[in-house]
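Student: Compute the structure for the input listed below.
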Amino acid sequence: MLVENLSVPADPRVWREACTLRRSGYEVSVICPKGETRDQESYACIEDIHIYRYRLPSTSNALSGYIKEYCVAMLKTFLLSLKVLVHHGFDVIHAANPPDIFFVIGLFYRLLGKRYIFDQHDLAPEMFHVRFQQRMKPLYKLLLFLERCSYSTAQVVITTNSSQKRQALGRGGCVPAKVFIVRNGPDVARFVPSVQESTLKQERRYLLAYIGVMGIQDGIEYALLALDELVHKRGRQDIALVLMGDGDQLMTLKTLTQQLQLDEHVNFRGWVAFADMVRYLTVADIGLSPDPSNELNDQSTMLKTMEYMAMGKPVVAFDLPETRFSAQEAALYATPNSVDEFANHIETLLDNEELRHTMGTFGRKRVEEELCWDHTKYHLLLAYQALFPDRIASQTESNDTIVPPIPILQQ
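Tutor: Just a heads-up that it's a prediction; the model follows:
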């Protein structure tokens, strides 16, 4: 498994996939970058999964920084793949994006008879448009080309939702049988409320929570602006906001917090251990998904939304297609990018404890019954079965059960 934009096991999706495959009898190795504050070892074996890590250069948000980063990642990933080939061997290269560059490694190993899976976490061309505000159109066209190469090199394509699948079938030219939806379902067994710690609310009555990456596409400034509306314009001094995560917008967000005079209401925690995240979500009253409407987010599934739901918390979000599919009645939806409506929905929930409970209960049930990884993982195993139909047929003739019955989830 190849991943470039997060370390492992910090990347929750890649780690769940790796663990599922290992428990299903596959030998799994992962190649990824080292984290800045975690996952520092060059090699680790965790849960019988081999993890090889490399150091990425420090980069800025400039385009030249991304190009340097991706070139280093490509070279080091390829060299480590040779090491894995010698020490462990493998039959499949399973590459996660972004970026859409690992098809080059896939092409090399296809010459050696290996299979290639393109696991599309995000639509890289749309991400480029959002981050660079539709500048540098030739580079956008290059990203479309790299995406098409990734689609065509892969024997199997994995997407996180039906919106991305439509792109794979449309501009990617993939046949339907080649594309599998493997949703970002949380591991619901891990999301168990802990002991209530009121001190985590920063001496306020209510706590709002955000977890996840803090990039330009994630819209955390909308959460801060909504908090400003509630605190300074509506006089709500009973609200605190905890932000758990990090990203290239962190310093910009801290500056905005100071400018809005919200320092006493906002707690930047950075990346926290899973147990600490559960502690905060246990006492939180509302989970925030402030991702704005744009060409990327309108086609993305937000894992944080389902993590709030798994903890039985109501959600306030902008009305994006995939967010509405995931949360349904567990969220209140503001008109996309409207700060006033976002603040209105937060206030509605704060003032109605019964509604918070009803929505939280619905969300937890939806995760348990349809969205959690225990249901989603079978689609991952089906994708692998598609790579080895002859082997699967042989095992089936021996009465081996490969995949248990799969719950039907409306795609």
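Student: quick one: the residue nearest to Pro314 when sequence neighbours are not counted from Leu332, how far?
Tutor: What sits nearest to Pro314 in space, not counting adjacent residues and going by CB to CB, 6 or more residues apart in numbering, is Met359, at 3.7 Å. C-beta here means a position set from N, CA and C on the backbone, and glycine is covered the same way. Taking CB to CB, to the nearest Å as the measure, Met359 falls 8 Å from Leu332.
Student: Mutual contacts of those two, please.
Tutor: Pro314, Val315, Leu349 (CB atoms under 8 Å, 6 or more residues apart in numbering).
Student: The last one: neighbouring residues, count only.
Tutor: A count of neighbours around Leu349, defined by other CB atoms under 10 Å, yields 23.
Student: Contacts only, for it.
Tutor: Contacts of Leu349 by CB under 8 Å, 6+ apart are Asp285, Ile286, Pro314, Val316, Leu332, Leu355, Arg356, Met359.
Student: same thing but at 7 Å, please
Tutor: By CB atoms under 7 Å, 6 or more residues apart in numbering, the residues touching Leu349 are Ile286, Pro314, Val316, Leu332, Leu355, Arg356.
Student: Helices - which of those land there?
Tutor: Leu355, Arg356 (DSSP state H).
Student: Who wins on neighbours among the contacts of Leu349?
Tutor: Counting neighbours by other CB under 10 Å, Pro314 leads the contacts of Leu349 with 29 neighbours.
Student: Mind pulling up the pLDDT for it?
Tutor: Looking at Pro314, its pLDDT stands at 98.
Student: List phi and psi for it.
Tutor: Main-chain torsions, Pro314, degrees, to the nearest 10: phi -70, psi 160.
Student: quick one: buried residues of stretch 140-155?
Tutor: If you call a residue buried by 16 or more other CB atoms under 10 Å, then stretch 140-155 has these buried ones: Tyr140, Leu143, Leu144, Leu146, Glu147, Cys149, Ser150, Tyr151, Thr153, Ala154, Gln155.
Student: The residues you listed in helices, which ones?
Tutor: Going by DSSP H, the helices hold Tyr140, Leu143, Leu144, Leu146, Glu147, Cys149, Ser150, Tyr151, Thr153 from the buried residues of stretch 140-155.
Student: Turn the residues you listed into JSON lines, including pLDDT and distance to Arg115.
Tutor: Formatted as JSON lines, those follow (pLDDT from 0 to 100; distance: CB to CB, whole Å):
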{"residue": "Tyr140", "pLDDT": "88", "distance to Arg115": "30"}
{"residue": "Leu143", "pLDDT": "93", "distance to Arg115": "24"}
{"residue": "Leu144", "pLDDT": "94", "distance to Arg115": "24"}
{"residue": "Leu146", "pLDDT": "96", "distance to Arg115": "20"}
{"residue": "Glu147", "pLDDT": "97", "distance to Arg115": "19"}
{"residue": "Cys149", "pLDDT": "97", "distance to Arg115": "16"}
{"residue": "Ser150", "pLDDT": "97", "distance to Arg115": "14"}
{"residue": "Tyr151", "pLDDT": "97", "distance to Arg115": "15"}
{"residue": "Thr153", "pLDDT": "97", "distance to Arg115": "10"}
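Student: Can you get me a residue count around the residue lying closest to Ala177 once chain neighbours are set aside?
Tutor: The shortest distance from Ala177 to any non-neighbouring residue, by CB to CB, 6+ apart, is to Ala386 (7.5 Å). Look at Ala386: counted by other CB under 10 Å, it has 16 neighbours.
Student: by contact count, what packs against the helix or strand Ala386 falls within?
Tutor: Following DSSP states H and E, one finds Ala386 within helix 373-387. On a contact count with 3 or more CB pairs under 7 Å, 6 or more residues apart in numbering; DSSP states H and E, helix 373-387 meets helix 12-23, strand 156-159, strand 179-181.
Student: any idea which helix or strand of this protein has the worst average confidence?
Tutor: Lowest by mean pLDDT, DSSP states H and E among the helices and strands of the chain is helix 389-397, with a mean of 58.
Student: Bridging across strands, which residues link to Tyr206?
Tutor: Taking DSSP bridges as the rule, Tyr206 bridges to Ile239.
Student: roughly how far apart are it and Arg269?
Tutor: Distance from Tyr206 to Arg269, by CB to CB: 17 Å.
Student: State the distance from the nearest residue to Thr160 once chain neighbours are set aside to Ala189.
Tutor: With CB to CB, 6+ apart as the criterion, Thr160 has its nearest non-adjacent residue at 5.0 Å, and that residue is Thr301. Going from Thr301 to Ala189 by CB to CB gives 20 Å.
Student: Cheers, nothing more for now.
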